[in-house]
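*Asks:* what follows is a protein structure lacking sequence information:
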């Protein structure tokens, strides 16, 4: 028998749950709206998706999806796990997605349909290798063997001249930052082409490395058309760069996998646009399912959001995302969770206590560049707070020990405990 | 001054509308959660996104997005048009998307945020050429100079042996079908590899062409990893195939644009998975905005759904989608709207009357294969109904003239008028 993929959905429907599950299974495998010639029982047996589990859940009171049919008073919610024969599509992420995340989102019998998890068999690893570098490879390249990896985003997001960018990078490197990234909005526009940024940044980092033996990792945003990804990557690597960044949803999972095949440095995976498929509770793809495909496709780093972030996700959701990325997956090299958005030094103790690991890349943009004493003090405050948390000291202890952290609280408010 | 992109959103917020618009504009251009060093007024003037229009709309009573903040009683709905300097990202669709459809979907100040339209300047056409074939090129290849292009999907979707597939294709070609496509679920799995399908289908079509001078167009689904798209395309073209199909959301817009650069035949764009970003009224990307990017990226054919479809969209929404695809766009060759899902001969008169053109590819899957007298009679019923509608005859007239149409009504119900 062929290997299987199990796709888990949260669905709502006004039909009988079993009937709705069968509509979904039929639409995504052998069926159409009428039974047709040659759709034999043998075809159904070999190729039809099967209901693996159907467990009723409590209703949430959310609006039904537009265009859903049936009596609203009859609406019920369930976890549905469907089993697909791998032979229907093979270990191809694009063709897998057509089966598990294709037309089904438009089914009118469903008042909610969200793909929340995927169980994938081993053949996917034979085709996609996952990260090349992951946590250990990233630590080696940035010379940070243990402890939280402290990073930042160039701010303002866009608008700096190459000379200003070089100044910012020099200041951050001097302050001992492990990682710097382009903002996701800094692509390859005429006002700041990638070539100019590479030319401005890399000599500063190389000189710093010559002096200190440490080259901070700079993630150049190389997001662009597929035929430019390799050229952009090569430009970065030729200049001594040690990381490339892509907006995963903009190059597509297929673009990420294509980059993985040629990349000689870690790939920093940004999740911009993920909210379009994930924020609704009623439709789309949840982080747990999505991050598996991202890791398989080869992201060495993946944004999970951070606690007390400026976006909509609760701490509980963020912690689930971080835990999901840290969960073993098909023997792949582990991807680094990237905590970002509204991060600053005062969140270190609460985050470390909740996550229980320092195998994290923690990015503070405004939290470093907006420090009252400038970016170098911002880096110092982050390092002091994380080292304090990691050695088991209280936040109060960190405040007593670090002037940079005390100054940060004047701008960003009290340390979170 | 740089050229501009205007992105139109429907938003909801409990903040003052102007304030929410500024949060969105800031997040997507120069801002972060605090003002930082070097974020000068000059930087803001040159790079900040600007509110171009803000028009209050009637509330819809939809649930606010999860995690949105503020007093629900204060919630208001508006059309927001933001103006972005093109220089921020350049005419690169992936980098454009990061600006207009990136982190903004996760903004907690927004209780709804859906990208509904995009106005793009001419430089995008210099980079992306749009369709190579479009309506005219497709008509020429399939020898159907005028009238609705009648097509079908191989059914059952998956599970046919190569010999069965050849039989189905021979029957359809003999019946005068213009177009046949693989189901979107038929990718390149081990049970029916693309190589085997090409080998089964093309000799049948070539023999038909030798006899009749007409080669029906067969859209082979070549959806797969990026590095396989060219190989798959070449396999089809080498065998005499005249069309390739991709699931746009699975290869990504970037994958579609990459295919466009090498394709020597029309690209049939399937929209599987589009519901994940579009079905919610509260978040994601609307068809009008999305189809512009799809056309620019090079889709010769694009699925719009059809009237009385089996999915959730109303006729009004479907008609808007068809009209959107038919609207001129930056001088591009026109893309063919593809009407699909639950289509059969009895919808021809209502559709033609509503759409006012026969420059359409109308696909009936079950509506052809499920005809009581088999697929050939299904094709005959479709052709008779569309030709009748196009020459201004009533549906009643078509019924009187065509036995195949009368028989179709026994299975699919009364003709829609």
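*Replies:* Received it, and whenever you're ready, just let me know what you need. The model shown is predicted, which means the values in this text are computed figures rather than measured ones. Numbering: from 1, shown residues only, chains lettered A, B, ... in the order given.
*Asks:* mind telling me what element residue A:261 is part of?
*Replies:* Per DSSP states H and E: residue A:261 is located in helix A:248-262.
*Asks:* and the following helix or strand past that helix, how far out from the chain's middle?
*Replies:* The helix or strand immediately downstream of helix A:248-262 is strand A:267-270, counting by DSSP H and E. Here strand A:267-270 is found 8 Å from its chain centre; the criterion is Cα atoms, centre = their mean, to the nearest Å.
*Asks:* strand A:267-270 - contacts with which helices or strands?
*Replies:* strand A:243-247, helix A:248-262, strand A:301-303 (3 or more Cβ pairs under 8 Å, 6 or more residues apart in numbering or on different chains; DSSP states H and E). No exception for glycine: its C-beta is placed from N, CA and C like everyone else's.
*Asks:* and with 10 Å instead?
*Replies:* Under the contact criterion of 3 or more Cβ pairs under 10 Å, 6 or more residues apart in numbering or on different chains; DSSP states H and E, strand A:267-270 touches strand A:179-181, strand A:217-221, strand A:243-247, helix A:248-262, helix A:287-297, strand A:301-303, strand A:336-339.
*Asks:* let me see the ranges of the strands in the stretch 51-200 of chain A.
*Replies:* With strands called from DSSP state E, counting those that start in this stretch, the stretch 51-200 of chain A shows them at A:76-85, A:112-119, A:149-153, A:179-181.
*Asks:* deepest of these, which one?
*Replies:* Ranked by mean neighbour count, the strands of the stretch 51-200 of chain A are led by strand A:149-153 with a mean of 28 (mean count of other Cβ atoms under 10 Å in any protein chain shown).
*Asks:* and the angle for it with strand A:217-221?
*Replies:* Orientation of strand A:149-153 against strand A:217-221 (axes from the mean of the first three to the mean of the last three Cα atoms, to 10 degrees) gives an angle of 40 degrees.
*Asks:* list the helices and strands strand A:149-153 packs on?
*Replies:* Checked by 3+ Cβ pairs under 10 Å, 6+ apart, strand A:149-153 has helix A:134-142, helix A:162-174, strand A:179-181, strand A:217-221, strand A:336-339, strand A:361-363, helix A:366-369, helix A:375-390 packed alongside it.
*Asks:* distance of the residue nearest to residue A:170 when sequence neighbours are not counted relative to residue A:173?
*Replies:* Excluding the flanking residues, the one nearest residue A:170 by Cβ to Cβ, 6 or more residues apart in numbering or on different chains is residue A:204, at 4.8 Å. In this view, residue A:204 and residue A:173 are 7 Å apart by Cβ to Cβ, to the nearest Å.
*Asks:* repeat for residue A:290
*Replies:* On the measure of Cβ to Cβ, residue A:290 and residue A:173 end up 33 Å apart.
*Asks:* cool, and residue A:161?
*Replies:* Distance from residue A:161 to residue A:173, counting by Cβ to Cβ: 18 Å.
*Asks:* quick one, which of these two is more surrounded?
*Replies:* More crowded of residue A:161 and residue A:173, by other Cβ atoms under 10 Å in any protein chain shown: residue A:173, with 25 against 14.
*Asks:* the residue in the stretch 301-417 of chain A that chain B sits nearest to - how many residues pack around it?
*Replies:* At 2.9 Å from chain B, residue A:312 is the closest residue in the stretch 301-417 of chain A, using Cβ to the nearest Cβ. Other residues near residue A:312 come to 21 when the count uses other Cβ under 10 Å.
*Asks:* ditto for residue A:218
*Replies:* 31.
*Asks:* surely it and residue A:203 touch.
*Replies:* No - with contact defined as Cβ atoms under 10 Å, residue A:218 does not count as touching residue A:203 (11.7 Å).
*Asks:* so what does the residue sitting furthest away from the middle of chain A look like in phi/psi?
*Replies:* Largest separation from the mean C-alpha position in chain A: residue A:37, at 44.5 Å (Cα atoms, centre = their mean). The phi/psi pair for residue A:37 (degrees, to the nearest 10) reads phi -50, psi 150.
*Asks:* report pLDDT for it.
*Replies:* pLDDT recorded at residue A:37 is 72.
*Asks:* follow-up on the earlier one: identify the contacts common to residue A:204 and residue A:173.
*Replies:* Common contacts of residue A:204 and residue A:173 (Cβ atoms under 10 Å, 6 or more residues apart in numbering or on different chains): A:216, A:218.
*Asks:* next up, the contacts around the closest residue to chain B within chain A.
*Replies:* Nearest residue of chain A to chain B, counting by Cβ to the nearest Cβ: residue A:252, 2.3 Å away. When contacts are counted by Cβ under 10 Å, 6+ apart, residue A:252 touches A:93-94, A:226, A:246, A:258, A:297, B:94, B:226, B:248-256, B:258.
*Asks:* redo that, cut-off 8 Å
*Replies:* B:250-255 (Cβ atoms under 8 Å, 6 or more residues apart in numbering or on different chains).
*Asks:* cool, and residue A:291?
*Replies:* A:302, A:321, A:324-325, A:335.
*Asks:* reformat these as a markdown table; add distance to residue B:277.
*Replies:* Below are those laid out as a markdown table (distance: Cβ to Cβ, whole Å):
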| residue | distance to residue B:277 |
| --- | --- |
| A:302 | 20 |
| A:321 | 20 |
| A:324 | 22 |
| A:325 | 23 |
| A:335 | 24 |
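*Asks:* out of those residues, who's the most crowded?
*Replies:* Counting by other Cβ under 10 Å, top hit in those: residue A:335 with 28 neighbours.
*Asks:* isn't that residue right up against residue A:301?
*Replies:* Yes - contact between residue A:335 and residue A:301 holds when scored by Cβ atoms under 8 Å: they sit 6.7 Å apart.
*Asks:* what sits in contact with each of the two?
*Replies:* With Cβ under 8 Å, 6+ apart, residue A:335 and residue A:301 have common neighbours residue A:269.
*Asks:* quick one, domains of chain A?
*Replies:* Annotated domains of chain A cover A:4-127, A:134-412 [automatic domain parsing].
*Asks:* span of the first one from start to end?
*Replies:* Taking Cα to Cα, to the nearest Å, the first and last residues of domain A:4-127 lie 16 Å apart.
*Asks:* same thing with the last one?
*Replies:* Taking Cα to Cα as the measure, domain A:134-412 stretches 32 Å from start to finish.
*Asks:* and it, how far out from the chain middle?
*Replies:* On the basis of Cα atoms, centre = their mean, domain A:134-412 sits 11 Å off its chain's mean C-alpha point.
*Asks:* please settle this for me: is residue A:7 part of a strand?
*Replies:* Yes - counting by DSSP: H, G, I helix; E, B strand; the rest coil, residue A:7 is part of a strand.
*Asks:* without its sequence neighbours, what residue ends up closest to it?
*Replies:* Nearest residue to residue A:7, sequence neighbours excluded (Cβ to Cβ, 6+ apart): residue A:100, at 4.1 Å.
*Asks:* for residue A:357, see how far away the one you found is.
*Replies:* Separation of residue A:100 from residue A:357 (Cβ to Cβ): 31 Å.
*Asks:* the more surrounded of those two?
*Replies:* residue A:100 (23 against 13).
*Asks:* for residue A:369, see how far away the more buried one is.
*Replies:* Separation of residue A:100 from residue A:369 (Cβ to Cβ): 41 Å.
*Asks:* within range of chain B, give me the residues from the stretch 101-250 of chain A.
*Replies:* A:101-108, A:127, A:153, A:155-160, A:164, A:168, A:184-185, A:187-191, A:223-227, A:247, A:249-250 (Cβ under 8 Å from any Cβ of the partner chain).
*Asks:* go again using 6 Å as the cut-off
*Replies:* Within the stretch 101-250 of chain A, the positions adjacent to chain B are A:101-103, A:105-106, A:108, A:155-159, A:184-185, A:187, A:189-191, A:223-226, A:247, A:250 by Cβ under 6 Å from any Cβ of the partner chain.
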